[in-house]
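Asks: this one's structure only:
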């Protein structure tokens, strides 16, 4: 396999280089064909690489800049003024062909704005979508999009999201003909707003998409479908609510395991299983949201991601680059549009 290079916004997120640099070193140990470009303040990055093995250092380079997009910067301001920010330079490395993908834990709005302007959208894609996966009862992840890149979406945009989600699921999970559903207020055919209704009609008449109909919010985690499509307003609220509930359940479970001798004894016996459950419930286990529909690969990490979670985002970007995801999406859209227009 050909070596792949990822550009990391080393300064992005709540912890910056303190998390991104150690995670980068660990990612290199996991992926022998991976090289990384760390974009950020060299004076902060270099000391954190001092203890890395020299062979790993040969696969890391630094693009120096002291400018950073702050988490509270408005997207338009960051786009206009942060010309030499670590975030922008990392995206430009993808545009210029010096990196195969970009990862950032920085300001989500700024990242989306910069990526769309710098990389442009693929032919046939009106708007990029932010997508991530969620755990499911079935044991396989469920991909949900859009997660906030587009608060309002017409039916054609929802249709494009369905195509892009299908290709992502096929590429990352290797699921042939993944099942796709629209998130709606009911499963009956007559329910939902006009855009959801029209998107459903279009998907029903597209053989290349394995459309499974509507799902309601309580079905997201069943695993009955592989890809769930909605607008960014609904998707973002769904994601944030899910993360909040997951953290609440983890907290309550941990609290319960510290009460009483019998419970503590049982906890020790069941520790491996409990640890697995806690890991699956933790949103960081699925860290990494892809910005689909661009002429390049951009992965958004949680702003508060720890080292383990950030590695998940790097690994996702690596997988998408290996599969050449933008080209796959472009080819599928072109094929579907040709069928529709013929």
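Replies: Looks like it arrived, so ask away. As the structure is a prediction and not an experimental result, all values here were calculated from the model.
Asks: In which helix or strand does the nearest residue to residue 203 once chain neighbours are set aside reside?
Replies: Counting by C-beta to C-beta, 6 or more residues apart in numbering, residue 203 lies nearest to residue 211, which is 4.0 Å off, once chain neighbours are set aside. In short, each C-beta sits where N, CA and C put it, glycine included. Assigned by DSSP states H and E, residue 211 belongs to strand 210-215.
Asks: in its sheet, what does the helix or strand following that strand sit against?
Replies: Once the chain leaves strand 210-215, the next helix or strand it forms, by DSSP H and E, is strand 227-229. Strand 227-229 pairs in its sheet with strand 142-145 (parallel), strand 179-183 (parallel), by DSSP bridges.
Asks: sorry, back to before: run the chain-centre distance for the strand holding residue 211.
Replies: Put simply, strand 210-215 sits 22 Å off its chain's centre (C-alpha atoms, centre = their mean, to the nearest Å).
Asks: what does stretch 47-56 give?
Replies: For stretch 47-56, the distance to the chain centre is 28 Å (C-alpha atoms, centre = their mean).
Asks: So what would you say the end-to-end distance of it is?
Replies: 15 Å (C-alpha to C-alpha, to the nearest Å).
Asks: Equivalent analysis for stretch 92-106, please.
Replies: For stretch 92-106, the end-to-end distance is 16 Å (C-alpha to C-alpha).
Asks: Buried residues in it, which are they?
Replies: Judged by neighbour count using 16 or more other C-beta atoms under 10 Å, the buried positions of stretch 92-106 are 92, 93, 94, 95, 99, 100, 101, 102, 103, 104, 105, 106.
Asks: what's the closest of the residues you listed to residue 54?
Replies: residue 99 (22.6 Å; C-beta to C-beta).
Asks: What is the burial count for residue 38?
Replies: 27 (other C-beta atoms under 10 Å).
Asks: Also residue 331?
Replies: If you count neighbours by other C-beta under 10 Å, residue 331 ends up with 13.
Asks: rewinding a little: can you give me the distance of the residue nearest to residue 203 to residue 330?
Replies: 21 Å (C-beta to C-beta, to the nearest Å).
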